[in-house]
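Asks: pasting the sequence and the predicted coordinates here, then a few questions.
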Amino acid sequence: MIKAENLSVKKGDQWILKNVSFAAEKGDFIGILGANGSGKTTLLKALTGTIKSNNGSVTITGERLNEMSFKARAKKMAVLSQASDVTFQATVVDTIMLGRYAHLRGLFMQESQQDRQIVDQVMKDTKTIHLKNRDLLSLSGGERQRVWLARALAQEPDCLFLDEPTNHLDLAHQVSLLDHLRLLVDEKQITVICILHDVNMASFYCNKVVLLNEGQVQRSGLTQTILNEAELQKLYGTTFYSWLEPSTACKQFSIKPGWLLNNKEGKQ
Ligand SMILES: Nc1ncnc2c1ncn2[C@@H]1O[C@H](COP(=O)(O)OP(=O)(O)OP(=O)(O)O)[C@@H](O)[C@H]1O
């Protein structure tokens, strides 16, 4: 469904992405993992056409991304970027309605009953309905993050790209957001491609991972096969150990806290 082939991006005289290739199918929940500065956001931007790659190509359901109109892209893909400061005044419901832009019809691009129903549903799904008439500027970081997600979902995309969507969210809201994404993947067979810093969340939610190391794919494929201590140590340059979470049989990871291990008396 989405295919990146030999994507390379250069900034100044530095190659930030080098020959990145991977494929995502319908119903895949793919986690992009990597250390700070490894090129994750650049990859997401190149996959969504926010920046042009210097080499390589991206195709979505067989169509080349750089040959698709803005509207055609917006019908197929939605992007939730890293949280940015809000500089405009708008209500939550109007902001989420912007997600319907590519679907609006008629000379005056008026919203239909169906558009309003979809916006209502995504507000319920993202637990933003009670914020409906609030001004965006008055929301907390976590509330705002859920509004951005609602706007992306209102696009009804085939593919959803998210850059660290759990930023700003407390643990309960992280689980709620990822559960909701998983439900969309399973029930509607959309494709989710998501940058995550939390390897444990990736292990719980992603069926596939792409490990990005200094702009190159260290490994990509099934989470169960690829996510292990050795790969993570190579990826982040720190020691991990793992265990199986008993109720889900998913692998979970922890780092070794240097200051405690070095503290002979083990005092905290
Ligand atoms: N416009 C630019 N000009 C020069 N260098 C850039 C530019 N954009 C990104 N970079 C560099 O490219 C590298 C990758 O950046 P990117 O934001 O993709 O990393 P990341 O993996 O998303 O990082 P993080 O986990 O910290 O968000 C970084 O070293 C960054 O400084």
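Replies: All right, it came through fine. Keep in mind that this is a model prediction, so the values were computed, not measured.
Asks: residues of this protein that sit close to the ligand?
Replies: Where proximity means CB under 6 Å from any ligand atom, the interface of the chain facing the ligand comprises 11-12, 16, 34, 36-42. C-beta coordinates here come from the backbone N, C-alpha and C atoms, glycine included.
Asks: quick check: the two most widely separated of these?
Replies: When the residues of the chain next to the ligand are compared pair by pair using CB to CB, the two farthest from each other are 12 and 34, 20.5 Å apart.
Asks: so for the two, which sits in the more crowded spot?
Replies: residue 34 (23 against 6; other CB atoms under 10 Å).
Asks: re earlier: quick check on the residues of the chain next to the ligand: which are buried?
Replies: Neighbour counting over the residues of the chain next to the ligand (16 or more other CB atoms under 10 Å) leaves 16, 34, 38-42 as the buried ones.
Asks: thinking again about what came up before, out of the residues of the chain next to the ligand, list just those in helices.
Replies: Counting by DSSP state H, the residues of the chain next to the ligand place 40-42 in helices.
Asks: dump these to TSV, plus distance to residue 123 and pLDDT.
Replies: Output for those, formatted as TSV (distance: CB to CB, whole Å; pLDDT from 0 to 100):
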residue	distance to residue 123	pLDDT
40	29	97
41	27	95
42	32	96
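Asks: from the residues you listed, pick the one nearest residue 201.
Replies: In terms of CB to CB, no member of those lies closer to residue 201 than residue 40, at 14.7 Å.
Asks: touching, that closest one and residue 31? I think so.
Replies: No - Residue 40 sits out of contact with residue 31 when judged by CB atoms under 8 Å, with a separation of 10.1 Å.
Asks: please enumerate the shared neighbours of these two.
Replies: With CB atoms under 8 Å, 6 or more residues apart in numbering applied, the overlap between the contact sets of residue 40 and residue 31 consists of residue 195.
Asks: the lengthiest helix in the chain: how far from the chain's middle?
Replies: Scanning the chain for the longest helix, with DSSP H as the assignment, gives helix 171-188. Using CA atoms, centre = their mean, to the nearest Å, we find the averaged C-alpha position of helix 171-188 to lie 12 Å away from the chain's own average C-alpha position.
Asks: stretch 42-53 now?
Replies: Between the centre of stretch 42-53 and the centre of its host chain there is 13 Å, according to CA atoms, centre = their mean.
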